[in-house]
Structures are given as structure tokens and as C-alpha cells.
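A.B. asks: everything below, folded, please.
(one chain, ligands or ions: 1)
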Amino acid sequence: MIQVKNLVTTYGDFTAVDDVSFTAEAGRVTGFLGPNGAGKSTTMRVMTGLTPATRGTATVLGTPYAALQNPGRHVGVLLDASAQHAGRTGREVLTLGAMTLGINNRRVDQMLEVVGLTQQEAKRRVRNYSLGMRQRLGLANALLGDPKVLILDEPANGLDPAGIRWMRDLLDTFAGEGGTVLLSSHLLHEIEKIADDIVVIGRGRIVAQGTKEELLRPSGSLVRSIDDSKLQAALVAEGIEANPVPGGGLSVDAETPRVGSIAFAAGVMLTELRGADSQGLEDMFLTLTSDDARQETAA
Ligand SMILES: Nc1ncnc2c1ncn2[C@@H]1O[C@H](COP(=O)(O)OP(=O)(O)OP(=O)(O)O)[C@@H](O)[C@H]1O
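C.D. replies: Reported below is the predicted structural model:
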């Protein structure tokens, strides 16, 4: 389990992470989603002891990362797949990793197989790896010490759709065996495919968190009737928000049975009543992204 509590990280007078709290549970894959510059990497760097917290705490398996003995045996970390030594072969990277962790060299071959790098590819220098291959190697490195927790910054970056599916299966298996996975991405559709739980961050603050089903669940209804104004008045009188939508009808902040019964009581005949589309998270994320894009353009 990973626990972040009221975490604040500042760079000079700039607050990159602003009172962030969330938990990544064991047995689940938690997606950490946010636009570029939202504070994901900074949070992960604090979790792994690379950047100090200004305030608040981040613990992994109940302990600050820096206090773990031989942390690679407990926590697998992949923060920047491009930062691996370009002059070493894939096999050398893993062999050195195994030596540092004090584990049997046999694990190198096992991990190469797990991440789908061939013996031939393992002999190539990392500078000649594609980004997707570097991600696979980084993941093999993170898995070397047979950890209980994985912290992965943008691990799907550079993977093709088949690679993303492969990663989802691998992380699902890891979590299925009781492991904790936290992975970041700036792409909603990537996170949607891989994660069970989602934490959304924007400009250093958590803006939403919950299970994927909760966050993507359609909420509200779309209703059309022979008298939308009368229906709107009846809904508003019950304290329910109802707004006209282009093309006719109302978008209503209530589930369909409640809308149906209010329409019935008000004597308004309905011509259409259905659940709204699951646009909520996507809309929120697009707003976050466009706000940040505007800021960057203005800067
Ligand atoms: N060492 C640093 N000094 C000053 N500002 C920094 C430093 N590192 C990060 N920042 C700033 O903190 C903010 C958060 O950056 P961070 O890298 O955590 O975002 P991110 O969500 O991981 O973004 P991306 O998806 O682009 O990787 C950004 O505005 C960034 O410019």
C-alpha cells in the first residue's frame, strides 16, 4: 500500500504539489492521471525519496521509502525509462541491478522473458532501443527484486496498443497476487485501459479520485417531453438541476426513475428518457488540460 497525506512540495516560491492525499491499495492498479506539469512526477519523486516533501508524508508499505532496508526488494521503481545507461546492453543493466540487490542472476533471464525482450535484444546497447523497449527494460529492472509495490511514471509512453494491452495484463497479474501498483499517465484513455482506481491531479491538487467504475459511471439523465418548460419547472421544484440541451430536451442531474416519476406527477408526457453518456471524467480532464494549455501559451 502507498499512502500520501497532505503532501506539499515547493520549488522556491512555486507550489508543484499542493496538499495531496490519496491511497494506492494493495491488490489494485491505481492510475495517477493529470495533464503535463500537474505534479505527478514530483509526487512520485517524493514517494521514492528523491525529492524532499515540504510538508506532509508519503509512505510505502507503511514506511517512508528512505527508511526501507534494501528498498529494491520491496518497491520497484521506474521513473524515467530514458535515463538508463545508454552504453550498456539490456542484459548488463539487469545484471548490475541484480548484483546491487544481492539476488540470483537467474532472475535476469526470467525478467527478460516476463517483459518480452529476446536474448538477442538483451545483447543490444540501450542507446539502440526504441522507447517501448526501454520501457520494457525499465519494467524488468523494477520487477527484479520481486517487490510488493510498483511505482511507474508514464510506463505506457512509447508502447503501441498491443504493448499497452500486454502491460495491463502484466500489472493485473502483479496486483492479482496482492501487489500494489501506482502508475502515472497524462492520457485518460491509457489509464482507463490499465487502472482499477483513478486519482486525478491538476495544477498540484487532487481534483477527483475513486474506482474507475465510479468515475466513469454515467450520471444523470437526458429527457425529452411534449412540454420541456413545464417539466423543467417540476424538476427544479424538487431541487433537481435540469438544463435545456441543444436539439431539444433537458439534461437532468438525477437518475431516470426519479425523472420519470416527477414527470408523471406533473402530468408531462415523455417522448424520450435515458441515462446520460459517461462524459463526466473526460469533460473534466479536457477542461484541466485546456486550462493548462492556456496557461502555458500565456506564459
Ligand atoms: N526541479 C524543479 N524545479 C522547479 N520546478 C520544477 C522542478 N521539477 C518540476 N517542476 C515544476 O513542477 C510542476 C510539476 O511538474 P511534474 O514534473 O511533477 O509534473 P508531471 O505531472 O509529472 O508532468 P508531465 O506529465 O509533463 O511529466 C511543473 O510546473 C514543473 O515545471
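A.B. asks: contacts only, for the residue in the stretch 51-200 of the chain that the ligand sits nearest to.
C.D. replies: Going by C-beta to the nearest ligand atom, the ligand is nearest to His186 of the stretch 51-200 of the chain, at 4.4 Å. The C-beta positions use only the backbone N, C-alpha and C, and glycine is treated the same way. His186 makes contacts with 33-36, 38, 40, 154, as judged by C-beta atoms under 8 Å, 6 or more residues apart in numbering.
A.B. asks: point out the residues in the stretch 1-150 of the chain that sit beside the ligand.
C.D. replies: Applying C-beta under 6 Å from any ligand atom, one finds that the stretch 1-150 of the chain approaches the ligand through 11, 14, 16, 34, 36-42.
A.B. asks: can you redo those residues as JSON lines with neighbour count, distance to Arg125 and secondary structure?
C.D. replies: Listed next are these as JSON lines, based on neighbours: other C-beta atoms under 10 Å; distance: C-beta to C-beta, whole Å; DSSP: H, G, I helix; E, B strand; the rest coil:
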{"residue": "Tyr11", "neighbour count": "11", "distance to Arg125": "34", "secondary structure": "strand"}
{"residue": "Phe14", "neighbour count": "8", "distance to Arg125": "38", "secondary structure": "strand"}
{"residue": "Ala16", "neighbour count": "20", "distance to Arg125": "34", "secondary structure": "strand"}
{"residue": "Gly34", "neighbour count": "27", "distance to Arg125": "34", "secondary structure": "coil"}
{"residue": "Asn36", "neighbour count": "11", "distance to Arg125": "30", "secondary structure": "coil"}
{"residue": "Gly37", "neighbour count": "16", "distance to Arg125": "32", "secondary structure": "coil"}
{"residue": "Ala38", "neighbour count": "25", "distance to Arg125": "34", "secondary structure": "coil"}
{"residue": "Gly39", "neighbour count": "24", "distance to Arg125": "34", "secondary structure": "coil"}
{"residue": "Lys40", "neighbour count": "23", "distance to Arg125": "30", "secondary structure": "helix"}
{"residue": "Ser41", "neighbour count": "21", "distance to Arg125": "26", "secondary structure": "helix"}
{"residue": "Thr42", "neighbour count": "22", "distance to Arg125": "31", "secondary structure": "helix"}
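A.B. asks: residues in contact with the host helix or strand of Val108?
C.D. replies: Using DSSP states H and E, the element containing Val108 is helix 106-114. For helix 106-114, contacts defined as C-beta under 8 Å, 6+ apart pick out 90-91, 94-95, 98, 118-119, 122, 140-141, 143-144, 146, 170.
A.B. asks: name the residues of it that are buried.
C.D. replies: Using 16 or more other C-beta atoms under 10 Å as the test for burial, helix 106-114 gives 107-108, 111-112, 114.
A.B. asks: pick out the most distant pair among these.
C.D. replies: Pairwise distances across the buried residues of helix 106-114 (C-beta to C-beta) peak at 10.8 Å, for the pair Val108 and Val114.
A.B. asks: could you pull out the strands for the stretch 101-250 of the chain?
C.D. replies: 149-152, 180-185, 197-202, 205-211, 221-225, 242-244, 250-252 (DSSP state E, counting those that start in this stretch).
A.B. asks: the fourth one pairs with which strands, and in what direction?
C.D. replies: Looking at strand 205-211 with DSSP bridges, its paired strands and their directions are strand 197-202 (antiparallel).
A.B. asks: show me what from the stretch 151-299 of the chain comes close to the ligand.
C.D. replies: Contact residues, the stretch 151-299 of the chain versus the ligand (C-beta under 6 Å from any ligand atom): His186.
A.B. asks: would you map the helices across the stretch 151-299 of the chain?
C.D. replies: Listed in chain order, the helices of the stretch 151-299 of the chain (DSSP state H, counting those that start in this stretch) span 161-176, 188-194, 212-216, 228-237, 256-266, 280-298.
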